[in-house]
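Chemist: sequence below, structure please.
(chains A and B)
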2 protein chains.
Amino acid sequence: MMPDAPDRRSADPNEGIMRATSRALRDHGYADLTIKRIAEEYGKSTAAIHYHYDTKDDLLAAYLDHLIDQFASSVREVETTDPAERMDLLLDKLLVDVAEYRELLVAMLEMRSQAPYKEAFRERFRQNDEYLRYMLKAVINHGIDEGVFRDVDADHAARALMTIVDGARTRAVVLDDGEALETARQTADEYVETVLVADD
Amino acid sequence: MMPDAPDRRSADPNEGIMRATSRALRDHGYADLTIKRIAEEYGKSTAAIHYHYDTKDDLLAAYLDHLIDQFASSVREVETTDPAERMDLLLDKLLVDVAEYRELLVAMLEMRSQAPYKEAFRERFRQNDEYLRYMLKAVINHGIDEGVFRDVDADHAARALMTIVDGARTRAVVLDDGEALETARQTADEYVETVLVADD
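Modeler: Here you go, the predicted structure:
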């Protein structure tokens, strides 16, 4: 490799475009987003983006894939295997860590509302939901095996928790309710403690 | 009154326009909705609608008021005062009866996603949420007084139940999940039975 070759990681066009997309979504929301605005954030021409993505929606579908990957990486950092503790940390990732991305939640709800009209979006949201439910189910089944959780229907319990997560995200945006995530975190705890956790 | 005077009730322009708006929303969603399309459903000219409403969003804000009124009327039909039974019927209204309005849920999520940009929408969604939480809180407090519910924080419990309701509506639309409402109905029951209902 030549000594002056650029750092391949930071020069990865995809990484740069994803970061620019994230900033543009926060600033403009989904409806007012244009490739031009993303290019401005990216600091290059619109052609540099069109080289990789034909349309705004193609780029946003890739951005949703990117978010799923990012979340998966952050979940792999959860190192504990204790079921109750792992459940706690997963729920923190889903309902606490997300609080700092308020503007992104706004843009994301706009994209979610377009899922019935845009199959590429719907597919990504479904895939993301499946992944999250898979993670939750694994923890619940592990807890059942270890006798810390009751012998509940793990599939239903995972769906119940995701219903609370999605409700919180919707309420934070629609009602501009600064406590929606906190309320949901407490509700999820109540669900885990009263429905899942086995009596001593 | 002249014998041939039209029936005033069915000739109420507002009622007719609200019904036309509902049908147009179901057929076209929010983004593609126009006054022209509502006028077509109404069977009159766009001028007949503009006589009452300046813009599409003015009309839709009135439509949201109309939905809140309709829900309030339907809740007044719930005649039982037994707290557990009344809670059950309220949750049915919020999570079971709504299943037949799938297309309307799609349009409603689009409008919800616009709440951060349109104050008139945000106000209506907040007002609706406040009304529903008020209804739920009244039942919970009544249950606490009668000793059938534990001495919980009624405000939090009402928010928890609305989080489940909003999560279900979002999931039904975004994931096109035909069982999202049923899952949430069961989750709400679990919450009521394990968190609210007092041990004998």
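Chemist: when you work out contacts or count neighbours from here on, use the C-alpha atoms and nothing else.
Modeler: Noted.
Chemist: and stretch A:191-200, is it in reach of chain B?
Modeler: Yes. Interface with chain B: stretch A:191-200 contributes A:Tyr191, A:Thr194, A:Val195 (C-alpha under 8 Å from any C-alpha of the partner chain).
Chemist: buried ones in stretch A:104-118, by neighbour count?
Modeler: A:104-116 (16 or more other C-alpha atoms under 10 Å in any protein chain shown).
Chemist: nearest spatial neighbour of the residue of chain A found nearest chain B, skipping sequence neighbours?
Modeler: Nearest residue of chain A to chain B (C-alpha to the nearest C-alpha) works out as A:Gly167 at 3.3 Å. Distances taken as C-alpha to C-alpha, 6 or more residues apart in numbering or on different chains place B:Gly167 nearest to A:Gly167, at 3.3 Å, with adjacent residues excluded.
Chemist: OK, contacts around the one you found?
Modeler: A:Met162, A:Thr163, A:Ile164, A:Val165, A:Asp166, A:Gly167, A:Ala168, A:Thr170, B:Ala184 (C-alpha atoms under 8 Å, 6 or more residues apart in numbering or on different chains).
Chemist: and for A:Lys93?
Modeler: Per C-alpha under 8 Å, 6+ apart, neighbours of A:Lys93: A:Val75.
Chemist: same deal with A:Ile140?
Modeler: A:Pro83, A:Met87, A:Phe149, A:Ala154, A:Ala158.
Chemist: and it, that's in a strand?
Modeler: No. Read with DSSP: H, G, I helix; E, B strand; the rest coil, A:Ile140 is helix and lies in no strand.
Chemist: may I see the buried residues of the strand or helix carrying the residue of chain A closest to chain B?
Modeler: Under the criterion of DSSP states H and E, A:Gly167 resides in helix A:154-174. Going by neighbour count (16+ other C-alpha under 10 Å), the buried part of helix A:154-174 is A:154, A:156-174.
Chemist: how much space between the closest residue in space to A:Asp92 that isn't next to it in sequence and A:Ile68?
Modeler: Leaving out its chain neighbours, the residue that sits closest to A:Asp92 by C-alpha to C-alpha, 6+ apart is A:Arg185, at 7.5 Å. As for A:Arg185, its distance to A:Ile68 is 21 Å (criterion: C-alpha to C-alpha, to the nearest Å).
Chemist: find the least confident helix or strand in chain A, judged by mean pLDDT.
Modeler: When each helix and strand of chain A is scored by mean pLDDT, DSSP states H and E, helix A:8-11 comes last, with a mean of 44.
Chemist: helices along chain A, start to end?
Modeler: A:8-11, A:13-28, A:35-42, A:46-50, A:56-76, A:83-95, A:102-113, A:119-146, A:154-174, A:180-191 (DSSP state H).
Chemist: what's the least confident stretch among those?
Modeler: Per-stretch mean pLDDT for the helices of chain A is lowest at helix A:8-11 (a mean of 44).
Chemist: for A:Gly16, which non-adjacent residue is closest in space?
Modeler: Using C-alpha to C-alpha, 6+ apart, the closest residue to A:Gly16 is A:Tyr42 (6.7 Å).
Chemist: give the contact list for the one you found.
Modeler: Going by C-alpha under 8 Å, 6+ apart, the list of residues near A:Tyr42 reads A:Gly16, A:Ile17, A:Arg19, A:Ala20.
Chemist: now the buried members of those residues.
Modeler: Looks like these have A:Gly16, A:Ile17, A:Ala20 buried, using 16+ other C-alpha under 10 Å.
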